[in-house]
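**Q** need coordinates for the following:
(2 chains)
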Amino acid sequence: MDKEALKQKILEVFQKKASSGGKSKIYLKDLQREIPEANPRDIKNAANELVKEGKLEYFSTGSTVMYGLPGVGMGLEAGMDKPEE
Amino acid sequence: MGEVKKHDTPLLDELKSGPWPSFVDDIYNYAEKHKKQAGFDILGQMELSYKNKETHWKHGGIVGVFGYGGGVIGRYSDQQEKFPAIWAFHTVRVNQPAAKWYHTSALRKLCDLWDHRGSGIMNFHGSTGDIILLGTVTEQLEYIFYDLTHQLKMDLGGSGSNLRTPECCVGMSRCEWSCIDTQDIIYELTMQFQDELHRPAFPYKFKIKVSGCPNDCVAAIARADFSIIGTWRDDIKIDQEAVRAYVGGELKPNAGAHSDRDWGPFDIKKEVIDLCPTKCMFWDEGQKKLYINNRECNRCMHCINVMPEALRPGDDRGATILMGAKAPILEGAQLSTVIVPFMKLEPPYDNLKNLIYKVWDYWMENGKNRERLGETIQRIGLNRFIVDVLGLKPIPQHVREPRSNPYIFWKEEEVEGGWTRDVAEFRRRHPA
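**A** Below is the predicted model of the structure:
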């Protein structure tokens, strides 16, 4: 699978999950499970490129990292309203 | 700069009364001197946590700067109205130089940076080895990253499901026992694995640590998924003259490290020979000569530590590669287990890098979410990991306790007659 096709497939996985009310943030492993025909390293590279392009975003507690669509589910600073200066 | 507001902290103030230096004093002193509200707010929130016996931090969110999937750990207060200066209090991990050598000017610049863009609170060093800059707000992250990389020539460390910042002991820079150039190895691995260090690639964290000798000063065996520990495979070098000097009391054992008390005259039998875990040493009192059966030595380093002038690691040096250490999360704590008993390590360390890639390829595909390498090995079995995954030949060094527990598992094709042979017939010839 070429990189652009893989990136498209990754986005489809996220969109499908988001539209069916599934998880808005998933682990890299979950992505690998959804696209078993691709090499895990290629999936990682493609997902990281999508983050760079702004089509996905990371979400982390510090111990692990999840991926999600920007604006879907809890945002990077959801509920973290910065007080007025 | 506006007025700063101090909170009442009666519980924390008690910590100032102990015999040790207190972080409460340190943070108050700093906050008062620099008029930093964040310092007062962090102590205020901690006081509240002590009172309520629960945390007031929320985890999750920001993970890095543009292009990076790690190095910044998002922290937010759930008491933002009470403590507005710490509404966000992100942690920044900074990749430390190998063996943590700094020029003082670099440290001054780093402190200036954190005075200006952060809370001023930092931690030298975190458990993984990074410099930890504690407490900044989201808007400052890109500026901090720019200053770190462009002015200080420092980079962010690893967090999340990334390769964590590789770490090593002082190695050859200060230690005569170092069998490998730990700093060079760490530098090489850090440069080689930049992608894995900065972008999440794995099911969970992955740590690489390098110790120069089996004393294992960075505790690689206890903490790293991939532990590299310097060792030698020829004989311990003995200077019999120096051994006699230790026995005669002319040289202080342990290089004088325990000389604060009178432990009586040095007794080589009691303090060295009898403590050898494999009983491979002999002191001939008549000849005044020390013998070591090097084939039995398991590199515990005790004799070398006690008599450093008389005994030294051999000359044929390399490293033992162990894998799978972890703290208790899914399963209990585990020490690393020997996978490659001896590997020559010379630049550019291609043999080492290839082994790491092989492990990663398997773990990335087969490891479960939040499963450390040690747990994957435990799940599939050490024998399968050694033979099927890494393609190595099982050897006695893979047996955890070869002297007390010699059990190994055989494959069917390795056993004459396989699993289907007629046991009754076998027992007729060989009664149990």
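**Q** ok, now how distant is the residue nearest the centre of chain B from chain A?
**A** The residue lying closest to the centre of chain B (CA atoms, centre = their mean) is B:Ala220, at 4.1 Å. For B:Ala220, the distance to chain A (CB to the nearest CB, to the nearest Å) stands at 20 Å. Any C-beta I mention is one placed from the backbone N, CA and C, and that applies to glycine too.
**Q** right, is the helix or strand where B:Asn354 lies up against chain A?
**A** Per DSSP states H and E: B:Asn354 is located in helix B:350-366. Yes. Against chain A, helix B:350-366 shows contacts by CB under 8 Å from any CB of the partner chain at B:Asp361, B:Met364, B:Glu365.
**Q** same check, this time on stretch B:158-170
**A** Yes. Stretch B:158-170 lies within reach of chain A by CB under 8 Å from any CB, at B:Ser159, B:Gly160, B:Ser161, B:Asn162.
**Q** just checking, B:Asp78 touches B:Lys58?
**A** Yes. Between B:Asp78 and B:Lys58 a contact is recorded at 5.3 Å, counting by CB atoms under 8 Å.
**Q** doesn't B:Lys269 make contact with B:Asp284?
**A** No. Using CB under 8 Å, B:Asp284 makes no contact with B:Lys269, being 11.1 Å away.
**Q** so which helix or strand takes in the residue of chain B most remote from its centre?
**A** In chain B, the residue that sits farthest from the middle, by CA atoms, centre = their mean, is B:Arg428; the gap is 54.9 Å. According to DSSP H and E, B:Arg428 maps onto helix B:423-429.
**Q** do you know the pLDDT at A:Glu84?
**A** At A:Glu84, the pLDDT value in this model is 50.
**Q** same question for B:Gly2.
**A** pLDDT at B:Gly2 comes out at 64.
**Q** which one of the residues of stretch B:158-170 next to chain A is nearest chain A?
**A** Among the residues of stretch B:158-170 next to chain A, B:Gly160 lies closest to chain A (CB to the nearest CB), at 3.7 Å.
**Q** shouldn't the closest one be in contact with A:Val65?
**A** Yes. Using CB under 8 Å, B:Gly160 makes contact with A:Val65 at a distance of 3.7 Å.
**Q** find residues that contact each of these two.
**A** Counting by CB atoms under 8 Å, 6 or more residues apart in numbering or on different chains, the common neighbours of B:Gly160 and A:Val65 are A:Tyr58, B:Val63, B:Gly69, B:Gly70, B:Pro200.
**Q** give me the buried subset of the residues you listed.
**A** Buried by 16 or more other CB atoms under 10 Å in any protein chain shown: A:Tyr58, B:Val63, B:Gly69, B:Gly70, B:Pro200, out of those.
**Q** redo the residues you listed as CSV? Include secondary structure.
**A** Below are these laid out as CSV (DSSP: H, G, I helix; E, B strand; the rest coil):
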residue, secondary structure
A:Tyr58, strand
B:Val63, coil
B:Gly69, coil
B:Gly70, coil
B:Pro200, coil
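**Q** burial count for the nearest residue to B:His302 once chain neighbours are set aside?
**A** Excluding its sequence neighbours, the residue lying closest to B:His302 (CB to CB, 6 or more residues apart in numbering or on different chains) is B:Leu275, at 5.8 Å. For B:Leu275, the neighbour count with other CB atoms under 10 Å in any protein chain shown is 14.
**Q** now B:Glu167: phi and psi?
**A** phi -140, psi 150 (degrees, to the nearest 10).
**Q** so what's it scoring on pLDDT?
**A** Value for B:Glu167, per-residue pLDDT: 97.
**Q** residues in contact with the closest residue to it other than its chain neighbours?
**A** Using CB to CB, 6+ apart and skipping residues adjacent in sequence, the residue nearest B:Glu167 is B:Gly129, 3.6 Å away. B:Gly129 makes contacts with B:Gln96, B:Lys100, B:Gly157, B:Thr165, B:Glu167, B:Val218, as judged by CB under 8 Å, 6+ apart.
**Q** again with B:Leu392
**A** B:Leu392 sits next to B:Ile339, B:Val340, B:Ile386 when contact means CB under 8 Å, 6+ apart.
**Q** pretty sure the last one contacts B:Ile408?
**A** The one in question is B:Ile386. No. B:Ile386 is beyond contact range of B:Ile408, at 10.7 Å (criterion: CB under 8 Å).
**Q** those two: who's more crowded?
**A** B:Ile386 (21 against 12).
**Q** next one: that one from chain A, what distance?
**A** With distances taken as CB to the nearest CB, B:Ile386 is found 22 Å from chain A.
**Q** about what we covered before: just the pLDDT at the residue farthest from the centre of chain B, thanks.
**A** 91.
**Q** what does B:Val63 give?
**A** Reported pLDDT for B:Val63: 76.
**Q** do you know how far it is from B:Asn162?
**A** 9 Å (CB to CB, to the nearest Å).
**Q** elements contacting the longest helix seen in chain A?
**A** Looking only at chain A and at elements set by DSSP state H, the helix with the highest residue count is helix A:3-19. If contacts are counted by 3 or more CB pairs under 8 Å, 6 or more residues apart in numbering or on different chains; DSSP states H and E, helix A:3-19 sits against strand A:25-26, helix A:28-34, helix A:40-52.
**Q** now those in JSON lines, with mean neighbour count, distance to B:Pro214 and mean pLDDT?
**A** Below are these laid out as JSON lines (neighbours: other CB atoms under 10 Å in any protein chain shown; distance: least, CB to CB, whole Å; pLDDT from 0 to 100):
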{"stretch": "strand A:25-26", "mean neighbour count": "20", "distance to B:Pro214": "42", "mean pLDDT": "91"}
{"stretch": "helix A:28-34", "mean neighbour count": "19", "distance to B:Pro214": "35", "mean pLDDT": "92"}
{"stretch": "helix A:40-52", "mean neighbour count": "20", "distance to B:Pro214": "34", "mean pLDDT": "94"}
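**Q** could the ones you listed be laid out in a markdown table, adding distance to chain B?
**A** Below are these laid out as a markdown table (distance: least, CB to the nearest CB, whole Å):
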| stretch | distance to chain B |
| --- | --- |
| strand A:25-26 | 9 |
| helix A:28-34 | 5 |
| helix A:40-52 | 4 |
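**Q** what pLDDT is listed against A:Pro36?
**A** At A:Pro36, pLDDT is 93.
**Q** so it, which of the three states?
**A** Strictly by three-state DSSP, A:Pro36 counts as coil.
**Q** residues from the stretch 301-432 of chain B in reach of chain A?
**A** B:Asp361, B:Met364, B:Glu365, B:Gly367, B:Lys368, B:Asn369, B:Arg370.
**Q** how about B:Leu113: what's its closest non-neighbour residue?
**A** B:Asp147 (5.3 Å).
**Q** if anything else comes up later, I'll come back, but that's it for now.
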